[in-house]
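Undergrad: Sequence first, predicted model second:
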Amino acid sequence: MTENLAFYWAHARLAGVDLALGDTAAALTELGLAVELERTTRPPLYHGYVLRVARHYVDAAAELRRSIQLEPYYAQPHVQLALLARAEGNKAAAVDHYRRFLELAARRDPDRAAVVRALSALATPPDSR
């Protein structure tokens, strides 16, 4: 990083360290810089993830949608948007994003089983005993 301050991935990794230490403000600052330095799908996706964890839902949704615009066939942003929709109580949107993830994701994607379980849980009415 000392040789190239414009290396976006270093800032993204520093954001991960900040997040692990519980400093979401520093993580968001580092990710903001990473997003400005690199216009690929990954920085907005990671930035959206951190914003979602920090409960900045409007900003998180914008970053995740930007990630989808940059790479429409990348499945992972849909998981994050589904989790965001669930946090906001929007079951229909969560189901839509989980389904879109399953359409796009590889059969061996490590998140596939968790998404299938989440969809099943959303389809089961509460207290269905």
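TA: Perfect, thanks for sending it.

Undergrad: so residue 18 touches residue 30, yeah?
TA: Yes. Because the distance of 6.1 Å satisfies C-beta atoms under 8 Å, residue 18 is recorded as touching residue 30. Yep, even glycine has a C-beta here, placed from its N, CA and C like the rest.

Undergrad: what about these two, which has more around it?
TA: More neighbours surround residue 30 than the other of residue 18 and residue 30, with 23 against 19 (other C-beta atoms under 10 Å).

Undergrad: mind checking how far the more buried one is from residue 70?
TA: Spatial separation of residue 30 from residue 70 under the definition C-beta to C-beta, to the nearest Å is 20 Å.

Undergrad: Which strand or helix spans residue 72?
TA: Counting by DSSP states H and E, no helix or strand carries residue 72.

Undergrad: ok, it to residue 58 distance?
TA: Counting by C-beta to C-beta, the gap between residue 72 and residue 58 amounts to 22 Å.

Undergrad: Show me what the helix or strand where residue 118 lies is packed against.
TA: Element membership for residue 118, per DSSP H and E: helix 112-123. On a contact count with 3 or more C-beta pairs under 8 Å, 6 or more residues apart in numbering; DSSP states H and E, helix 112-123 meets helix 76-87, helix 91-104.

Undergrad: which residues does the residue nearest to residue 109 when sequence neighbours are not counted contact?
TA: With C-beta to C-beta, 6 or more residues apart in numbering as the criterion, residue 109 has its nearest non-adjacent residue at 6.7 Å, and that residue is residue 75. Applying C-beta atoms under 8 Å, 6 or more residues apart in numbering, we find residue 75 in contact with 100-101, 103-106, 109.

Undergrad: ok, now with 7 Å
TA: Contacts for residue 75 were tallied using C-beta atoms under 7 Å, 6 or more residues apart in numbering; they are 101, 104-105, 109.

Undergrad: Let me know the angle separating the helix holding residue 118 from helix 91-104.
TA: Here helix 112-123 runs at an angle of 150 degrees relative to helix 91-104 (axes from the mean of the first three to the mean of the last three C-alpha atoms, to 10 degrees).

Undergrad: Report the separation between residue 35 and residue 92.
TA: Summarising the geometry, the distance separating residue 35 from residue 92, computed by C-beta to C-beta, is 29 Å.
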